[in-house]
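**Q** Could you work out the structure for the sequence below:
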Amino acid sequence: MKNIILLAGLLSICSLTASAQSPQLWNNKQCAVVLTYDDAIDVDLDNVIPALDSMKLKGTFYLIGSSPVVDKRMPEWRLAAKHGHELGNHALYHPCDGSLPGRSFVSPDHDLSKYTVSRAVSEVRLNNTLLKAIDGKTERTFAYPCGDLSIGGVLFYDQLKKDFAGARGVSPGMQTAANVKLDNIRCYGINGQSAEYMINLVKQAQQSHTLLVFLFHGVGGGHSLNVDLQAHSKLLHYLKNNQKTIWVAPMVDVAKIIAAQQASKTAIPKNIMKN
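**A** Alright, predicted model coming up:
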């Protein structure tokens with residue numbers, strides 16, 4: 001009898017593993033692709049959103065609250081949210097750890113290494129208040145400025161987990177929903193890569209039934225980290241032409257379905273683990 005119970009438990013585990021990798025998870029499609037755009041710059045509104053809207057694709061735009069582009073073009077951001085794009089939180093001042101190599105661009109006032117955890121948390125929450133005033137929404141995701149996770153060895157996002165559906169990092173990788181860490185979602189930063197490179201990433205995600213997140217800054221200019229406008233357009237056309245098998249959605253929607261899937265995983269009964 002014990003052997004039968006053990007076998008049933010192993011079959012259950014296999015079933016859960018298969019379910020975690022099932023293409024049915026991603027809104028009944030092979031994979032999920034999230035298009036994210038950082039820093040709230042003019043090209044987001046001038047180049048990206050018109051391109052996405054023309055194909056009825058939705059993206060996530062991580063806004064820095066202090067950006068003059070947020071202030072001067074607020075009605076356009078509000079319209080973008082109304083059209084289904086996510087306005088994500090990229091902190092109020094985009095603080096980065098200036099103590100790290102290659103960080104000469106970090107200003108002393110917004111050097112994360114000189115922040116307290118409470119200051120960082122307060123500024124992120126203040127940015128949430130601003131974003132809610134723009135789009136009226138209470139659910140969104142966060143993106144770590146410069147990918148910096150900690151202050152003095154303390155993971156500041158630990159105090160923000162209840163404020164967001166998830167947080168995007170900067171490390172590359174594709175993962176099944178079961179393996180995604182919602183406090184540091186992996187992504188592929190794009191800076192000069194070709195359309196073929198980006199489309200090949202999508203094809204890999206389709207084959208492996210995984211989550212693929214793109215991280216863009218400039219699109220057709222506007223930032224030192226940039227992707228060619230035509231290359232970006234080719235990627236969007238591939239996604240549109242394969243929408244029957246690819247789920248393209250804002251990060252908040254994908255994070256919520258991942259959280260639900262992870263929460264639904266059934267724990268292995270203790271008696272199964274007994275010999």
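**Q** ok, which stretches of this protein are strands?
**A** 31-38, 60-63, 86-89, 142-143, 150-151, 154-155, 167-168, 188-189, 211-216, 218-219, 226-227, 246-248 (DSSP state E).
**Q** Could you list every helix and strand that the third one packs against?
**A** With contacts defined as 3 or more CB pairs under 8 Å, 6 or more residues apart in numbering; DSSP states H and E, the secondary structure elements packing on strand 86-89 are strand 60-63, helix 74-82, helix 117-135, strand 142-143, helix 251-264. Where you see a C-beta, it was placed from the backbone N, CA and C, and this is true even at glycine.
**Q** right, so of these, which gets closest to Pro108?
**A** Relative to Pro108, the nearest member of these by CB to CB is helix 117-135, separated by 14.1 Å.
**Q** tell me the angle that closest one makes with helix 74-82.
**A** Relative orientation of helix 117-135 with respect to helix 74-82: 80 degrees, computed using axes from the mean of the first three to the mean of the last three CA atoms, to 10 degrees.
**Q** Now helix 117-135: buried residues?
**A** Applying a neighbour-count criterion of 16 or more other CB atoms under 10 Å, one finds 117, 120-121, 123-124, 127-128, 130-131, 134-135 buried in helix 117-135.
**Q** Quick check, Lys132 in contact with Arg125.
**A** No - under the criterion of CB atoms under 8 Å, Lys132 is not in contact with Arg125, lying 10.5 Å apart.
**Q** in this protein, what spans have low per-residue confidence?
**A** Within the chain, the segments meeting pLDDT under 70 span 1-24, 266-275.
**Q** Check the offset of stretch 176-185 from the chain's centre.
**A** Here stretch 176-185 is found 10 Å from its chain centre; the criterion is CA atoms, centre = their mean, to the nearest Å.
**Q** what sits up against it?
**A** Taking contacts as CB atoms under 8 Å, 6 or more residues apart in numbering, the residues outside stretch 176-185 that touch it are 17, 20-21, 25-26, 144, 149, 155, 157-158, 161, 165-169, 171, 186, 208-211, 213, 251, 255, 257-259, 261-262, 265.
**Q** what's the answer for stretch 245-258, then?
**A** Outside stretch 245-258, the residues that touch it by CB under 8 Å, 6+ apart are 25-27, 29-36, 57-60, 84-86, 88, 139-141, 165-166, 168, 177, 180, 182, 185, 202, 205-206, 211, 213, 239.
**Q** With stretch 116-130 instead?
**A** 63-65, 70, 89-93, 95, 112, 140, 142, 151-152, 154, 156, 159-160, 163.
**Q** send the alpha carbons of it over as PDB?
**A** What follows is stretch 116-130, C-alpha atoms only, in PDB (Å, rounded to 0.1, in the frame of the first residue of the first chain):
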ATOM      1  CA  THR A 116      18.700  54.500   3.700                       C
ATOM      2  CA  VAL A 117      16.300  51.700   2.900                       C
ATOM      3  CA  SER A 118      13.400  53.700   4.300                       C
ATOM      4  CA  ARG A 119      14.200  56.600   1.900                       C
ATOM      5  CA  ALA A 120      14.300  54.200  -1.100                       C
ATOM      6  CA  VAL A 121      11.000  52.600  -0.100                       C
ATOM      7  CA  SER A 122       9.400  56.000   0.500                       C
ATOM      8  CA  GLU A 123      10.400  57.400  -2.900                       C
ATOM      9  CA  VAL A 124       9.100  54.300  -4.700                       C
ATOM     10  CA  ARG A 125       5.800  54.500  -2.900                       C
ATOM     11  CA  LEU A 126       5.600  58.200  -3.700                       C
ATOM     12  CA  ASN A 127       6.000  57.400  -7.400                       C
ATOM     13  CA  ASN A 128       3.200  54.900  -7.100                       C
ATOM     14  CA  THR A 129       1.000  57.800  -5.800                       C
ATOM     15  CA  LEU A 130       1.900  59.900  -8.800                       C
END
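**Q** burial measure for the nearest residue to Thr36 once chain neighbours are set aside, as a count.
**A** In space, Thr36 comes closest to Thr60 once its chain neighbours are excluded; the distance is 4.6 Å by CB to CB, 6 or more residues apart in numbering. Each residue near Thr60 was counted by other CB atoms under 10 Å, and the total is 26.
**Q** Any figure for the gap between the nearest residue to Val70 once chain neighbours are set aside and Leu182?
**A** Once flanking residues are discounted, Val70 sits nearest to Ala40: 5.1 Å by CB to CB, 6+ apart. Taken as CB to CB, to the nearest Å, the spacing of Ala40 relative to Leu182 amounts to 23 Å.
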